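1. My questions concern the predicted model and sequence given below.
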Amino acid sequence: MSTAATVPVTHDLEGDDAVEMLRSVGFRSLLRDSLMRFRLADGFSHSRALAFQFALTLVPALIAVVGLAHELGQQDFSRIVSQTFRDLAPGPAGEVFTQAINQGSQNDSGGTALLFGLIAALVAGVTAMGQIERGSNRIYGVERDRPTVAKYTRATVLALTAGVAFIAALVLMVAGSEIGAAAKEVTGWNDTLDTAWSVGRWPLGAMLVAVAVALLFEASPRRRQPSASWLLLGSSIAVVLWFAFTGLLAAYIGLSRDFGETYGPLAGVIGLLLWTFGTALALFLGLAVAAQLEAVRAGSPNPSG
């Protein structure tokens, strides 16, 4: 079985300019070799596994948020969440979520929903971060992950930082307009707040996803990473691809409003799975570019060794 060549650690080399290195090798050549590195590291398999873990994280996280709102007595918040899902997926697709939210808001199960939602989301999120370490190690040619305790301790920290930032960015980008409309309907906030939300959610979402990607690029591989300038190209590609896939998800949701009555909950489920796979691909492809650029810097440009 072929594997990607090990990327030598270049942290102690002189801080030559990443832009000049990119010019010397050529972006097209770098991209071609990065795709080869991604394939040799079995990047598609790691992306599928990560997408599954992402999907397992999102649903219990929503349940935990609704449970928290119930425990705090924030009925308006539950109504906003419910109205948002009605706007995102009218008909049976949205009713699957709104019925669960309404039921949780009308009885005393909020504490249970909060507890089990948090536990399930944390376990799935930590497992997802562990999968990111596994995939990033293979892309860098590192054959062994960190020891179990060190690996999952780091994964827990990343889940509570980068993972939360990713989810928040997803909500802002995909459901931001529906959240704003629902909040205006439920709470009656004024036009100034509505405009501030409509404009401000975009730079805030971009900042959140950029921070999340930077954290993952720096902390996930089991190696000493180079300076941020050498990771910038790969992380930027990951962010751009993430925005592209998230934009496609938003368009998909918009189209699903027309056939939600026919396909019901399947429309939302398919959209979620496509987005999680696209997110995983964006992350690992960006890491492959960062790894290949560092390999060129170290004088080992052949991704197959």
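-> Perfect, thanks for sending it. Numbers count the residues shown, from 1 in each chain.

2. what about the spatially closest residue to W275 that is not a sequence neighbour, which helix or strand?
-> Closest residue to W275 apart from its sequence neighbours, by CB to CB, 6 or more residues apart in numbering: L249 at 4.3 Å. Every residue, glycine included, has its C-beta placed from N, CA and C. Per DSSP states H and E: L249 is located in helix 228-263.

3. still on that earlier bit, make sure the residue nearest to W275 is actually in contact with G271.
-> Yes: look at L249 against G271 with CB atoms under 8 Å: they come within range, at 5.8 Å.

4. so which strand or helix has P301?
-> Using DSSP H and E, P301 is not contained in any helix or strand.

5. quick one, phi psi at it?
-> phi -80, psi -10 (degrees, to the nearest 10).

6. which residues touch it?
-> Residues near P301 by CB atoms under 8 Å, 6 or more residues apart in numbering: V25, D33, Q292, A295.

7. Contacts only, for the first one.
-> What it means is V25. By CB under 8 Å, 6+ apart, the contact set of V25 is L293, V296, P301.

8. returning to that earlier point: adding distance to L215, write the contacts of P301 out as a markdown table.
-> Output for these, formatted as a markdown table (distance: CB to CB, whole Å):
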| residue | distance to L215 |
| --- | --- |
| V25 | 27 |
| D33 | 26 |
| Q292 | 21 |
| A295 | 22 |
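
9. out of the residues you listed, who has the most neighbours?
-> Ranked by the number of neighbours (other CB atoms under 10 Å), the contacts of P301 place Q292 first, at 31 neighbours.

10. Quick check, it in contact with D33.
-> Yes: using CB under 8 Å, Q292 is in contact with D33, at 5.1 Å.

11. Give me the common contacts of those two.
-> Residues touching both Q292 and D33 by CB under 8 Å, 6+ apart: P301, P303.

12. got a list of what A162 touches?
-> When contacts are counted by CB under 8 Å, 6+ apart, A162 touches M129, V211, A212, V213, L215, L216.

13. For those residues, which single residue is the most surrounded?
-> Neighbour counts for those (other CB under 10 Å) peak at M129, which has 28 neighbours.

14. how much space is there between it and I119?
-> M129 is 16 Å from I119, where distance means CB to CB, to the nearest Å.

15. same thing with L233?
-> In terms of CB to CB, L233 sits 38 Å off from I119.

16. These two: who's more crowded?
-> Between L233 and I119, L233 has the larger neighbour count (other CB under 10 Å), namely 21 against 12.
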